[in-house]
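Visitor: Here is my input, please return the structure:
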Amino acid sequence: MEKISEATEFLKARGIEDPEIGIILGSGLGKMIGKIEIIHRINYEDIPHFPISTVEFHHGELVFGMLAGKKVLVMHGRSHTYEGYTTQEITLPIRVMKVLGIKYLLASNACGTMNLEFKKGEMMLMVDHINLLPNPLIGPNYDELGPRFPDMSQPYSKFLNDKIIRIAEKLNITLHQGVYVAVTGPNLETRAEYRFLSRIGADVVGMSTTPEAIVANQMSLPVAAISVITDECDPDNLKVVDINEILLHSSRAETGLIKVYTELIKEL
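Guide: Coordinates of the predicted model:
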């Protein structure tokens, strides 16, 4: 609680007040920053207790500004467990954004698909998840943040998801719906692991997002998340994946992500 308070007070002193919507931009998904009328941008390393991203294609800054007439607080890059952080450390920024006043959280990530009906460069709306990362709620519970045993029967807001589905249809953007499974990484999966993840009910796999969603649910913060599909994970026809190719597909799909989230923000 002390860490959350120190980070919150630091950001308030820097002029970040009354943000309405929090946004997390995942791997290769930073172009939305160019759509924001920026008021303040602060490096993570300057914010008390914020984890610093060590991945070269993840920026590490918090951006505060106006988008579609709303005050947004954007995490331009995120941290992961494979960098050595705990999920409690990874989710501290989400708790800080909630204390600062955000009413909704919109997340994004890059993923690989085991569902062969999904293709590279398309997007999937997360309607559920399987969390194989350490749970961020392990440890002492602080009642002021939320209950010890939060309900997870609907981890992604139906209110937000219904709007996103309608917006994507209106904009003629392909948006699948499915289940995301989070693993630690940083290596990509073996053929046997892809088969396993598919059999336990996942459509796509990534290395993030579920800890943030769990914490958001504990704090009664409505959350939506869109996965950008960057590689196809057919264990019977598995090819070597180049990280540059992943970032290329991520960038190609980003235009649709920006359009959907910008339209959604207008409506909130």
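
Visitor: so is Leu145 in a helix, a strand, or just coil?
Guide: coil (DSSP: H, G, I helix; E, B strand; the rest coil).

Visitor: Show me the residue sitting in the middle of this protein in space.
Guide: Ala107 (3.2 Å; C-alpha atoms, centre = their mean).

Visitor: Phi and psi next, for that residue.
Guide: Per-residue torsions, Ala107: phi -110, psi 160 (degrees, to the nearest 10).

Visitor: which residues does it bridge with?
Guide: Ile24, Ala225 (DSSP bridges).

Visitor: tell me the contacts of it?
Guide: 23-24, 26, 209, 212-213, 223-226 (C-beta atoms under 8 Å, 6 or more residues apart in numbering). Where C-beta positions appear, they are placed from N, C-alpha and C, glycine not excepted.

Visitor: Repeat that for Thr113.
Guide: Contacts of Thr113 (C-beta under 8 Å, 6+ apart): 119-120, 124, 203-205, 229, 231-233.

Visitor: can you name the two of these that are farthest apart?
Guide: Lys119 and Val205 (15.5 Å; C-beta to C-beta).

Visitor: who has more neighbours, the two?
Guide: Val205 (26 against 13; other C-beta atoms under 10 Å).

Visitor: The more buried one in helix, strand or coil?
Guide: strand.

Visitor: Would you mind listing where the stretch 1-150 of the chain has pLDDT under the threshold?
Guide: Applying pLDDT under 70 to the stretch 1-150 of the chain flags residues 27-28, 55-58.

Visitor: Walking through this protein, point out its helices one by one.
Guide: 2-13, 87-100, 158-170, 191-199, 210-218, 243-267 (DSSP state H).

Visitor: Okay, buried residues for the longest one please.
Guide: Neighbour counts using 16 or more other C-beta atoms under 10 Å place 246-247, 249-251, 253-254, 256-258, 260-261, 263-265 of helix 243-267 among the buried residues.

Visitor: The first one now?
Guide: Neighbour-count burial for helix 2-13, with 16+ other C-beta under 10 Å as criterion, is recorded at 4, 7-8, 10-11.

Visitor: now it against helix 87-100, angle please.
Guide: Helix 2-13 and helix 87-100 are oriented at 40 degrees to each other (axes from the mean of the first three to the mean of the last three C-alpha atoms, to 10 degrees).

Visitor: so what does helix 2-13 touch, helix or strand wise?
Guide: Packing contacts for helix 2-13, counted by 3 or more C-beta pairs under 8 Å, 6 or more residues apart in numbering; DSSP states H and E, involve helix 87-100.
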